[in-house]
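Asks: Predicted model and sequence follow; I will ask about them next.
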Amino acid sequence: MAGPWATQLLADLGADVIKVERPGAGDETRGWGPPFLKARDGKETRESGYFLCTNRAKRSLTVDLTKPKGQELIRTLAAKSDILFENFKVGTLTRHGLAYEDLRQLNPRLIYCSITGFGQSGPRKDSVAYDFMIQAMGGLMSITGEADDRPGGGAQKVGVPILDLMTGMYATVAVLAALARREATGKGDYVDLAMLDVQAAMLANQAMNYLLTGRTPRRHGNGHPNIMPQQVFKCRDGDMALAVGNDSQYAKLCEVLGRPELRDPRFAKNAGRVQHRDELIGLLVETFAKWNRSDLLDAFEKVGVPSGPINSIPEAFEDPQLKHRRMLVEIDHPLAGKVKQVANPIRYADSALTYERRAPDLGEHTMEILREFGVDTAAIESLKQEGVV
């Protein structure tokens, strides 16, 4: 998902993104279902939800990269393009004569971004990688989930492919910075982005905790290693998340809950609350269990204590704030009518993102794109006959 996520973001921002896919097969994620999009007649299409969430606003071109004529088509596109993203194993495009060093000869302004599991160098550079294994290898799963001695304890992955998504975000930042630099230098650049490197960077405060102390960070479930109290608590009728971020908010929490023990001087400052974590959580668990969730959330909202319900995904999209922010959009689809999608969260003051183009059918724009790049109709038909496109 890393490359498609980055390029969808660029497409949302106005880039003309050409998605190059294998003839007859296409992007593997087209088949990563169920669920699949349903047409108006109730029949399933060949478009998985996984594919739809990362490929809107793109055009699909089919090219067989293993054939010399297919490779020549990619050179034709690269010669006139600003950015090339590739998400193959190390060396794949080099074997086809489509490495950065090959294409920069045709277009010195080209920005070429390679996204791999482990980068273009190092002992694991040739290994295949997926988000789940990188979450495991890079330390994220070791700090996600309940402690081993608690019910349900053990390492956990994040509920979305967070490494793919964050690698895509880093890739977008990298190529946009390269574009800005190109305005000054006139030269393109090569971006070597590894998912394992991104995972290491994403360890953030947990990595720094280790580097400062030499101690291995442990899992705190829904708790926070450096800030207290940030935790999930059970009320009489449901669970809620509490996210106290400073001493002032903790004082307001004490006002609402009205329990004298919470005002113990040991808990007045965050460092003390972290030091006496288990005792404080025990007191809060007892107290929260006596409240109805909606009453407690209302009371916290009035005084400015950050908190919220544990929503399911359907409940999240029914939240009045997300509705106000229009985080669901509808895109026209020839088979399914209107298809709902999650909107891009970026909001500009003076321009608006548009959602006029759905995720493409396999090869839908092949003729259109090749004509734009100077390939005549007869040549395109010949390429089709030869299985190149």
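Replies: Nice, I can see it.

Asks: buried stuff in stretch 250-258?
Replies: 250, 252-254, 256-257 (16 or more other CB atoms under 10 Å). Using the backbone N, CA and C atoms, a C-beta is placed for each residue, glycine as well.

Asks: what's the answer for stretch 265-273, then?
Replies: By neighbour count, with 16+ other CB under 10 Å as the criterion, the buried positions of stretch 265-273 are 267, 270, 272-273.

Asks: same deal with stretch 146-163?
Replies: Residues of stretch 146-163 classed as buried: 146, 156-157, 161-163 (neighbour count, 16+ other CB under 10 Å).

Asks: Residue 114 bridge partners, please.
Replies: Taking DSSP bridges as the rule, residue 114 bridges to residue 86, residue 192.

Asks: In this structure it contacts residue 195, no?
Replies: No - contact criterion CB atoms under 8 Å: residue 114 and residue 195 do not qualify, at 11.7 Å.

Asks: In terms of neighbours, single out the busier of the two.
Replies: In this view residue 114 and residue 195 are compared by other CB atoms under 10 Å, and residue 195 has more residues nearby, 26 against 23.

Asks: What strand or helix carries residue 242?
Replies: Assessed by DSSP states H and E, residue 242 sits inside strand 238-243.

Asks: residues near residue 88, how many?
Replies: Close neighbours of residue 88, defined as other CB under 10 Å, add up to 16.

Asks: Now do it against residue 330, distance only.
Replies: 34 Å (CB to CB, to the nearest Å).

Asks: Next: residue 346.
Replies: 19 Å.

Asks: Could you export stretch 189-199 as PDB, CA atoms only?
Replies: In PDB, the C-alpha atoms belonging to stretch 189-199 read as follows (Å, rounded to 0.1, in the frame of the first residue of the first chain):
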ATOM      1  CA  ASP A 189      16.900  13.200  -7.600                       C
ATOM      2  CA  TYR A 190      16.700   9.700  -6.400                       C
ATOM      3  CA  VAL A 191      14.700   8.700  -3.200                       C
ATOM      4  CA  ASP A 192      15.600   5.400  -1.500                       C
ATOM      5  CA  LEU A 193      12.900   4.800   1.100                       C
ATOM      6  CA  ALA A 194      12.900   1.700   3.300                       C
ATOM      7  CA  MET A 195       9.900   0.600   5.400                       C
ATOM      8  CA  LEU A 196      12.200  -0.700   8.200                       C
ATOM      9  CA  ASP A 197      13.900   2.700   8.300                       C
ATOM     10  CA  VAL A 198      10.500   4.400   8.500                       C
ATOM     11  CA  GLN A 199       9.500   2.100  11.400                       C
END
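
Asks: State the mean pLDDT of that stretch.
Replies: On average, the pLDDT along stretch 189-199 is 98.

Asks: that older thread, quick one: residues in contact with the very next helix or strand once past the strand holding residue 242.
Replies: Sequence-wise, the next helix or strand downstream of strand 238-243 (DSSP H and E) is helix 247-257. Contacts of helix 247-257 with the rest of the structure, by CB atoms under 8 Å, 6 or more residues apart in numbering, involve 229, 242, 244, 262-263, 267-270, 273, 284, 287, 296, 299-300, 303-306.
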